[in-house]
Structures are given as structure tokens and as C-alpha cells.
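[1] Sequence plus predicted model, see below.
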Amino acid sequence: MMSMRGLRSARTVSFAIGFAVLIPLGCTEDGDDTSESTMSGEDDGTNDGMMGPPSFAVDIEPIISSTCVMGCHEVDGLNDSLILSDGAAYDNLVEKMSGQLPQMFIVDPGNKSVSYLWHKLNNTHIPEGGSGAQMPFEGQPLPAAQLILMGNWIDDGAMP
């Protein structure tokens, strides 16, 4: 008989695989280190035993640090108007107006569909009235698992 945790993990994997088929995205060169158990809020040992919605510090900041900061969203980077280095990223993203689309928050907690970051990651920012390139710039789009995690974080209230 399958344990409750095993059943949840199997269900999560099925959802992630099914959703990944719907979003044809490439992988980053450094790979995807986001597990399905973290995406579902299950404890896989990476969030200090806490269960619940994704958090910025544990789940999102590592993605941003590895794909957004180096050479771009840092002091003297290509886009130093939006600093995303460790310690500054959360405050510069959540409930801050976008410079490219001033009527939209970069991250609107609880609603990824009106969050400019979500549109930049999905390359849907131009139809929304935004500008510039898809993010991450000059790289591959985020892997499906990281994109799902980012969307879940925003929809679950963009917790620190």
C-alpha cells in the first residue's frame, strides 16, 4: 500500500509532467535543480522542514541568483535599474511598479497574470504593452519546473 506522502509525490510528478508538456521551454545550461516536492509544498529537506507555499528565500532567490544577476541585474550590470542581487531582490520585485510597464507591478502577490515578471519569463510582455526581451536575457527560458515554481510563488502570495 502506497503511503500518503508517496501518493502526493506521484500526483505531483504527474501534474508537473503534464504541465511541462503544455509549456515547451528549454533548459538553462546549469540545469534545473528544483524538485517536484518543493513545488507542491511537500518537505524534501530543502526548506528546513516547513511545508506550505514556496518562499522567496528558499525557492525563488536561488533561481534569480543563478539566471538574472550576473552581468545584468546588478550594480553596473546591463540593467542596473532593477537590482536583483541577494538581499535586494525581494524588496525590488514585490509590489514595485515595472519600469517598462508602469501600470503593472513587477510581482503582484496572489496574481501572476498581472505580474510583469511572469510575462517577461513567458515572453508575453509585449502583448501586455511591455517592452524589451524575454527573460532571462540572452539565455534559455526557465525550465518548466522553475517556471511552475515561480508562478506558484506569485499566486500563493509571493512570500519572503
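    Nice, I can see it. Numbering: from 1, shown residues only.
[2] now this structure, which segments are flagged as low pLDDT?
    Residues of the chain that meet the criterion pLDDT under 70 lie in 1-50.
[3] ok, now which ones touch Met135?
    Met135 makes contacts with Cys68, Leu117, Lys120, Leu121, as judged by Cβ atoms under 8 Å, 6 or more residues apart in numbering. In this view, the C-beta of every residue, glycine as well, is placed from N, C-alpha and C.
[4] Could you identify the buried members of the residues you listed?
    Taking 16 or more other Cβ atoms under 10 Å as the criterion, what is buried in the contacts of Met135 is Cys68, Leu117, Lys120, Leu121.
[5] Now intersect those residues with the helices, please.
    Leu117, Lys120, Leu121 (DSSP state H).
[6] CSV for those residues, including distance to Asp86?
    Formatted as CSV, those follow (distance: Cβ to Cβ, whole Å):
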residue, distance to Asp86
Leu117, 17
Lys120, 20
Leu121, 19
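[7] Could you check how far Gly71 is from Asn123?
    Distance, Gly71 to Asn123, using Cβ to Cβ, to the nearest Å: 20 Å.
[8] Please apply the same query to Gln103.
    20 Å.
[9] of those two, who's got more company?
    Taking other Cβ atoms under 10 Å, Gln103 and Asn123 do not tie; Asn123 has more neighbours (13 against 10).
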